[in-house]
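Asker: structural data only, the sequence is not supplied:
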């Protein structure tokens, strides 16, 4: 059974720091991995989607890497800003009981201090 | 702009009452999903649908029902059989469920349901 873990659960950093959020998964047979951002009381906003054949994806100050063999992904945020404060969720798409679906981690709650 | 619209944003349910959450998308996506989010837990899949007039149970379908009469719409009914319905409900869609296409999900803004 696929399990997705995100550590730490919460993180506070001063503005301007570069930071890394971690996501690990137990079953390497995945099709893709997606990183989302969730603001309090809001839905999920897609940040980056990495296909299983890819090693990384970049969008602006965000860079996500994927190492399928070790069951890990990282989300790198450069020059963090207070507006980056949110919960970051990763999700892996795999096949479970004959069904293709995403399994979500519980998220890392990030606070960037001005 | 294309996207997913969930309504209402807040919903209050009395004991023993059925309520329906709306989810509409104009992205021309084939697949739609309903998730439940509780504090400290990952999103859990309730129901999903790959095509019109077809849907499948997810991991926590008991006490819920859905319909998919139109491609654009996938309403979720929380029945009185759901004993702990207070949660944040999220609807999502994707181009198709085929994994070889490797599409990601697009989410709506959510509905917060509270039992009063």
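Answerer: Received, thanks. Values in this document were obtained by computation on a predicted structure and should not be read as measured data.

Asker: strands of chain A, start to end?
Answerer: Using DSSP state E, the strands of chain A run over residues A:4-5, A:10-14, A:19-25, A:30-38, A:44-51, A:56-59, A:62-67, A:72-77, A:86-96, A:99-104, A:108-113.

Asker: one more: chain B?
Answerer: Under DSSP E, chain B gives strands at B:4-7, B:10-13, B:19-25, B:31-37, B:44-49, B:56-57, B:64-66, B:76-78, B:87-94, B:106-107, B:111-115.

Asker: need these in TSV (columns: mean pLDDT).
Answerer: Below are these laid out as TSV (pLDDT from 0 to 100):
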stretch	mean pLDDT
strand B:4-7	96
strand B:10-13	92
strand B:19-25	97
strand B:31-37	95
strand B:44-49	95
strand B:56-57	94
strand B:64-66	97
strand B:76-78	97
strand B:87-94	96
strand B:106-107	94
strand B:111-115	94
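
Asker: grab the nearest non-local neighbour of residue 106.
Answerer: Since you didn't name a chain, this refers to chain A. Nearest residue to residue A:106, sequence neighbours excluded (CB to CB, 6 or more residues apart in numbering or on different chains): residue B:42, at 4.9 Å. Where C-beta positions appear, they are placed from N, C-alpha and C, glycine not excepted.

Asker: switch to chain B, that's the one I care about
Answerer: residue B:93 (5.5 Å).

Asker: ditto for residue B:16
Answerer: Nearest to residue B:16 is residue B:80, by CB to CB, 6+ apart, at 4.8 Å.

Asker: tell me which parts of chain A are close to chain B?
Answerer: A:4, A:31-32, A:34, A:36, A:41-46, A:49, A:51-52, A:89, A:91, A:93, A:95, A:99-107 (CB under 8 Å from any CB of the partner chain).

Asker: if we go to 7 Å?
Answerer: A:4, A:31-32, A:34, A:42-44, A:46, A:49, A:51, A:93, A:100-102, A:104-106 (CB under 7 Å from any CB of the partner chain).

Asker: now the lowest-mean-pLDDT helix or strand in chain A, how far from the centre of its chain.
Answerer: Ranking every helix and strand in chain A by mean pLDDT, DSSP states H and E puts strand A:99-104 at the bottom, with a mean of 85. Averaged C-alpha coordinates place strand A:99-104 at 15 Å from its chain's average position (CA atoms, centre = their mean, to the nearest Å).

Asker: in it, what's buried?
Answerer: A:100, A:101, A:102, A:103, A:104 (16 or more other CB atoms under 10 Å in any protein chain shown).

Asker: same check on stretch B:54-68?
Answerer: Neighbour counts using 16+ other CB under 10 Å place B:55, B:58, B:61, B:64, B:65, B:66, B:68 of stretch B:54-68 among the buried residues.

Asker: one more: stretch B:81-95?
Answerer: Buried-residue list, stretch B:81-95, by 16+ other CB under 10 Å: B:82, B:85, B:87, B:88, B:89, B:90, B:91, B:92, B:93, B:94, B:95.

Asker: so which of those residues is the closest to residue B:106?
Answerer: residue B:93 (5.5 Å; CB to CB).
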